[in-house]
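Trainee: just coords:
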């Protein structure tokens, strides 16, 4: 591996939550579970919500259901994918994650469906 990859972790965030803050937090935690194995394998993990949520708050949005969220959430992932080298698509229904995969494939990026398939994968140890 010549350089670390920046890998966007894509999976359910809002799907099935009814925008309940606890369920959103639980989904974000699931996305974040993949961050350590990606990092441990020599890469840079990225989650769109890490960028989008502070931007949303800066735009005056209080929740992901605020109208301004449409201007922030999906566009953030699209912009991030200009800088990412690959996508890790986690299981679960998610319009946004499916959109991320479509964009990644259209840009010729690799899409992984298991963290173990990422180049240089090393089992996470803590």
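Mentor: Here it is on my side, so go on. Keep in mind it's a predicted model, so treat the numbers as computed, not measured. Numbering: from 1, shown residues only.
Trainee: mean confidence for the stretch of helix or strand residue 74 belongs to?
Mentor: Per DSSP states H and E: residue 74 is located in helix 73-80. Helix 73-80 shows a mean pLDDT of 95.
Trainee: ok, now which ones touch the residue lying closest to residue 48 once chain neighbours are set aside?
Mentor: Distances taken as CB to CB, 6 or more residues apart in numbering place residue 77 nearest to residue 48, at 4.1 Å, with adjacent residues excluded. Heads up, the C-betas are built off the backbone N, CA and C, glycines and all. The contact partners of residue 77, taken as CB atoms under 8 Å, 6 or more residues apart in numbering, are 8, 10, 48, 52, 96, 99, 100, 103.
Trainee: which is the succeeding secondary structure element to the helix holding residue 74?
Mentor: Counting by DSSP H and E, what follows helix 73-80 is strand 86-89.
Trainee: residues making contact with that following strand?
Mentor: Residues contacting strand 86-89 (CB under 8 Å, 6+ apart): 5-11, 34, 38, 81, 97, 100-101, 104, 109-113, 115, 118.
Trainee: where strands are concerned, which of these count?
Mentor: 6, 7, 8, 9, 10, 110, 111, 112 (DSSP state E).
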